[in-house]
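Participant: I need the structure of the sequence given here:
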Amino acid sequence: MSLSDLKNRYFQFENIANKFEDLSLLFIRLILAYGFYDPAIMKWSDIDSVASWFGSIGIPLPTLNAYMAASTEMIGVILLALGLFTRVIAIPLVFVMIVAISTVHLSNGFSCGTNGFEIPLYYMIFLFLLITKGAGKYSLDNSILKK
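Facilitator: Prediction:
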């Protein structure tokens, strides 16, 4: 097989793979929405305990930050699932992940088995992808903001 044949096969594969880009963006949004749902519900179910815990680990203005984190996560669940203002909501969710990694997960190392930073890091990578690529064809962003 020549280099030219390999290139042609690669470009054929690339054309097929590109047809699934919007579907992959939908899956990423739904996985992230699912992933943020439990932490958001947990925070809202006992926001005072979350604020106390935030204070105990040195987060400044713990009550305000507990409400901001819980609100960002809950709004993120809704907007990511709908694909609405996806690029906008992904930015504060990245900051939530940065804070989570730096205050809770980093000291546990990478592995998710020890409450490490692996999963929050994956979330950040997915969020960066949504910031750069957008929500895709299967989203309200696409329906409302069609170019």
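Participant: C-terminal to the lengthiest helix in the chain, what's the next element?
Facilitator: Counting residues, the longest helix found in the chain (DSSP state H) is helix 21-45. Using DSSP states H and E, the helix or strand that follows helix 21-45 towards the C-terminus is helix 47-56.
Participant: which strand or helix spans N65?
Facilitator: helix 62-82.
Participant: let me see the contact set for F128.
Facilitator: F128 makes contacts with A90, V94, as judged by C-beta atoms under 8 Å, 6 or more residues apart in numbering. For glycine as for every other residue, the C-beta is placed from the backbone atoms N, C-alpha and C.
Participant: quick one: pLDDT of it?
Facilitator: Per-residue pLDDT puts F128 at 98.
Participant: distance check, it against G55.
Facilitator: According to C-beta to C-beta, to the nearest Å, F128 and G55 sit 30 Å apart.
Participant: try P62
Facilitator: Counting by C-beta to C-beta - P62 and G55 are separated by 4 Å.
Participant: and for V104?
Facilitator: Counting by C-beta to C-beta, the gap from V104 to G55 is 14 Å.
Participant: now swap in A40 and tell me
Facilitator: 20 Å.
Participant: look at those two and report which has more neighbours.
Facilitator: Shown here are A40 and G55; by other C-beta atoms under 10 Å, A40 has more neighbours (22 against 15).
Participant: so F36 sits right up against A90, yeah?
Facilitator: No: counting by C-beta atoms under 8 Å, F36 stays clear of A90, with 11.1 Å between them.
Participant: who touches both of these two?
Facilitator: Between them, F36 and A90 share the contacting residues L80, judged by C-beta under 8 Å, 6+ apart.
Participant: what stretches of this protein score poorly on pLDDT?
Facilitator: Counting by pLDDT under 70, the chain contains low-confidence ranges at 112, 147.
Participant: quick one: end-to-end length of stretch 127-139, please.
Facilitator: Chord length of stretch 127-139, first to last residue, is 15 Å (C-alpha to C-alpha, to the nearest Å).
Participant: in it, what counts as buried?
Facilitator: Going by neighbour count (16 or more other C-beta atoms under 10 Å), the buried part of stretch 127-139 is L127, L130, I131, G134, A135, G136, Y138, S139.
Participant: so how far is it off the chain centroid?
Facilitator: 10 Å (C-alpha atoms, centre = their mean, to the nearest Å).
Participant: many thanks, have a good one.
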